[in-house]
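Undergrad: here is a sequence with its predicted model. Questions after.
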Amino acid sequence: ADDAQTYNNLGIAYRQQGDLSAAEQNLARAIELDPKYRDAYSNLGLALLDREMYQEAVANFTIAIELDPTFWYAYNGRGLALWALGKKDEALSDYAKMRSLE
């Protein structure tokens, strides 16, 4: 099926198998099909984190947060990426926001 949820789920499965390239391709396709699919942005952020592409991860988690400001999971992911970039104050801010939403 050519729908965003299917591609998002494929992306998750490929990431769990360690095939980050296939994960990113499927998650990007999910976003193409549904540009407002917050979970696909968050899952793409996780795959980018795995590849140590922290700036790109931050960008995707930020879109997920803009789409749903109550999406605590995306704050956690963005916090991890910000921490890896050495932006500890911003990361701590995201962790605090995450805790307030859990």
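TA: Okay, I see it. Numbers count the residues shown, from 1 in each chain.

Undergrad: which helix or which strand is home to the most centrally placed residue in the chain?
TA: Nearest to the mean C-alpha position of the chain, counting by Cα atoms, centre = their mean, stands residue 42 at 2.1 Å. Assessed by DSSP states H and E, residue 42 sits inside helix 38-50.

Undergrad: same deal with residue 66?
TA: helix 54-67.

Undergrad: which strands and helices sit next to that helix?
TA: Other helices and strands packing on helix 54-67, by 3 or more Cβ pairs under 8 Å, 6 or more residues apart in numbering; DSSP states H and E, are helix 38-50, helix 72-84. No exception for glycine: its C-beta is placed from N, CA and C like everyone else's.

Undergrad: residue 86 versus the residue nearest to the centre of the chain, what's the distance?
TA: Residue 42 sits 22 Å away from residue 86 when distances are taken as Cβ to Cβ, to the nearest Å.

Undergrad: same question, residue 28
TA: Between residue 28 and residue 86 the distance, using Cβ to Cβ, works out to 27 Å.

Undergrad: and what of residue 76?
TA: Plainly put, residue 76 is 18 Å away from residue 86 if you go by Cβ to Cβ.

Undergrad: and the two? Which one has more around it.
TA: Set side by side, residue 76 and residue 86 show unequal neighbour counts under other Cβ atoms under 10 Å, the larger going to residue 76 at 19 against 9.

Undergrad: hang on, the earlier thing: need the contact partners of the helix holding residue 42.
TA: For helix 38-50, the surrounding residues in contact (Cβ atoms under 8 Å, 6 or more residues apart in numbering) are 4, 7-8, 11-12, 15, 20, 23-24, 27-28, 30-31, 34, 54, 56-58, 60-61, 63-64, 67-68, 71, 73-74, 77-78, 80-81, 84.

Undergrad: check contacts around residue 37.
TA: 4-5, 8, 30-31.

Undergrad: grab the nearest non-local neighbour of residue 82.
TA: In space, not counting the residues next to it along the chain, residue 82 is nearest to residue 91; the distance is 4.0 Å by Cβ to Cβ, 6 or more residues apart in numbering.

Undergrad: separation between the one you found and residue 28?
TA: Here residue 91 is placed at a distance of 26 Å from residue 28 (Cβ to Cβ).
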